[in-house]
Every structure is written in C-alpha cells, then in structure tokens.
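S.K.: test case, fold it:
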Amino acid sequence: MNRELEPYRLVERSITKKYRKSIWNPFIASVKKYELINAGDKIAVCISGGKDSMLMAKLMQLLQKISDIPFELVYLVMDPGYNEINRRKIESNTAFLHIPITIFESDIFAVANNTAQTPCYLCARMRRGHLYNKAKELGCNKIALGHHFSDVIETTLIGMFYGSQLQAMMPKLHSRNFEGMELIRPLYCVHEDDIISWSKYNNLEFIQCACRFTEECSTAENAAELSKRIEVKELIRQLKKDNPNIEKNIFNSIHSVCLDTFPSYKTHGEKHSFLEDY
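M.R.: Numbers count the residues shown, from 1 in each chain. Modelled structure (predicted):
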C-alpha cells in the first residue's frame, strides 16, 4: 500500500503512524493544553528551512485538515540573505512536502554579521520583528515558531547558569511591539531527538543555521566554548545517563514553581521580596 502513496503522503503517514506517540500526540497536547489555536485565527507558520520549522509546518497543515476549529494558515518564509544553495533547498523541500510558501526578503544577515558583538541575539530579534511585521501585513494575528521541548529545557538552564535568573520559555505570549499579535510554539512538548529521528526516517535533509558567523564557528576547535547552548546540550546528555527523566523533571519544574520558597521574584517587570509578606 505504501508504494501507491506519493512521497509527501508517506511523510505525513509517518507523522500520524510511526511517530504518533512521540510527535503527533505531544503536538496535539501542546495545542490543547496551552490553547494555542482559536476559532478565526490566521496564523503565520514561520519556516526557517530547518528540521523544526519544516515539521511544524506539516503538523499545522495536518491539524487544519481535521480540526473542528476553523483557522487559516500562511506558510511564511523570510529570506534573511541565504546563499543560493540554501534558498533552493528551502524551496525544493517545501515543494516536495506540498507546503505552499510565501517568501519575502530582508537584509538581516548582512546587518547582524557586521555587528561588533555576537550577532545571534541581534539576528533573532530582527528576525522576529520582520516576521511579525509581514504576518500582520498579511492579516495574521499569530506567528508560530518551531521552538521545541529541548529548547525549553536548554533555555531554562542557560538562564540559570549564565544569566543568573530562573526564566523559562513560554508556550505563547503577546507581542510587546505589535499590538494584537501573538507568538505560539506548537512544538512545545515535542523532543528534538524525535524530530531528528523523523527527518532521518524520511531521508529528509534540511538546512542548518545558514549565516556566515555560524558557519565560521562550526569549524572552530572551540565551538563548544562559543555556544552556551552546545555546552548545556552536552551537560543534559551526560545527566541523562544516570537519570533518564532529567529533561522531564526540568520541564515539570517550570510548571510547578512555588513562589513561597523564593527569597525574591519578579512579575510584570517589578521585583518583590519575601519580606513583603513575612
């Protein structure tokens, strides 16, 4: 029967069959638990060309077909200055997966790569601003990004180890600069290892981060020192050897914060001390 299916149908089948428990169910759980989609939404599914955003696009596409809640999707691709090979790779992958994309250009790579400081933070902020702006122009009220379960865990630890703060990644949030716009993360409960497994199973090859800065860093001997996220990934990998549930425990901990045990905390930009109610 598989031989009768078109290649993109086989990819879709793998999501709802082979990876139903590890990808489809956690995706649906994220959408329902965090109320990511509402009737009448028009969502810009932001595709960077990597494995995460490509899978997210297929998941959202499949959900739209079966959902009782009516919502619209725009598959938005921003070209921040890709080289020709990466641009073609994104176009060929989305065509193969039958994802109808809307592409627009920006000069983010040129600006970010010429900054005197590490450009990744600037690049991320500029990307989000351009995506919000284009999505709003297209009549969307939400943008969907491909951050996954592993990103949530790593971001939490990076904040603790290098930012001196307990700060998690939210499954959705209101835009501060674009009124009426929201950001949602449909892959919030999906593990990166399962995304990698899915892409390998289907023989899919996606682009990595394509900026010149990252390409240079990836060849350096001290790449781990240059990327705090790489360091945290390795730490988690080591901890899992003794405690396979370490990621789940960290994830659950950010859903079970007990403010009564903290000497101080911040909410709505204002810092509070336990002494206020002591």
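S.K.: could you identify the longest helix within the chain?
M.R.: helix 119-137 (DSSP state H).
S.K.: check the offset of that one from the chain's centre.
M.R.: Computed by CA atoms, centre = their mean, to the nearest Å, the chain-centroid distance of helix 119-137 equals 14 Å.
S.K.: in terms of secondary structure, what does that helix contact?
M.R.: strand 42-47, strand 72-79, helix 108-112, strand 142-144, helix 212-217 (3 or more CB pairs under 8 Å, 6 or more residues apart in numbering; DSSP states H and E). The way it works is simple: take the backbone N, C-alpha and C, and place the C-beta from them, glycine included.
S.K.: quick check: next helix or strand after the shortest one?
M.R.: Later in the chain than strand 142-144, the nearest helix or strand by DSSP states H and E is helix 149-163.
S.K.: got the contact list for that next one?
M.R.: The contact list for helix 149-163 (CB atoms under 8 Å, 6 or more residues apart in numbering) reads 26, 165-169, 187-193, 228-229, 232-233, 235-236, 247, 250-251, 254.
S.K.: would you mark the buried spots in it?
M.R.: Across helix 149-163, burial judged by 16 or more other CB atoms under 10 Å covers 149-157.
S.K.: quick check, nearest of these to P100?
M.R.: Minimum separation from P100 among the buried residues of helix 149-163 (CB to CB) is found for D151, which lies at 26.5 Å.
S.K.: that's a helix at L36, yeah?
M.R.: No - assigned with DSSP: H, G, I helix; E, B strand; the rest coil, L36 falls outside any helix and is coil.
S.K.: just confirm it contacts L187, I think it does.
M.R.: No - in this structure, L36 is not within contact of L187 by CB atoms under 8 Å, at 10.5 Å.
S.K.: quick one: the helices in the stretch 151-278 of the chain?
M.R.: Assigned by DSSP state H, counting those that start in this stretch, the helices in the stretch 151-278 of the chain fall at 192-201, 212-217, 223-226, 228-242, 246-253.
S.K.: save those helices as a markdown table, and put in mean pLDDT, distance to K21 and mean neighbour count too.
M.R.: A markdown table is the format used below for the helices of the stretch 151-278 of the chain (pLDDT from 0 to 100; distance: least, CB to CB, whole Å; neighbours: other CB atoms under 10 Å):
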| stretch | mean pLDDT | distance to K21 | mean neighbour count |
| --- | --- | --- | --- |
| helix 192-201 | 98 | 9 | 16 |
| helix 212-217 | 48 | 33 | 15 |
| helix 223-226 | 44 | 33 | 13 |
| helix 228-242 | 93 | 19 | 13 |
| helix 246-253 | 96 | 15 | 15 |
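S.K.: need the ones you listed in a markdown table (columns: distance to K142).
M.R.: Formatted as a markdown table, these follow (distance: least, CB to CB, whole Å):
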| stretch | distance to K142 |
| --- | --- |
| helix 192-201 | 22 |
| helix 212-217 | 28 |
| helix 223-226 | 33 |
| helix 228-242 | 26 |
| helix 246-253 | 23 |
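S.K.: quick one: which of those is nearest V74?
M.R.: Nearest to V74, of the helices of the stretch 151-278 of the chain and by CB to CB, is helix 192-201 at 22.3 Å.
S.K.: tell me which residues are up against that closest one.
M.R.: 14-15, 18-19, 22-23, 51-52, 54-55, 148-151, 187, 205-206.
S.K.: one more pass at 6 Å, please.
M.R.: Applying CB atoms under 6 Å, 6 or more residues apart in numbering, the external contacts of helix 192-201 come out as 19, 22-23, 51, 55, 148, 150.
S.K.: so where is the stretch 1-150 of the chain shaky, pLDDT-wise?
M.R.: 1-3, 109-123 (pLDDT under 70).
S.K.: could you give the mean pLDDT of stretch 174-181?
M.R.: Average pLDDT, stretch 174-181: 95.
S.K.: you'd agree H148 is up against Y188?
M.R.: No - taking contacts as CB atoms under 6 Å, H148 lies outside contact range of Y188: 7.1 Å.
S.K.: and the residue of the chain most remote from its centre, what pLDDT?
M.R.: In the chain, the greatest distance from the average C-alpha position (CA atoms, centre = their mean) is reached by Y278, at 40.1 Å. pLDDT, Y278: 93.
S.K.: residue contacts, it?
M.R.: Counted by CB under 6 Å, 6+ apart, Y278 has zero contacts.
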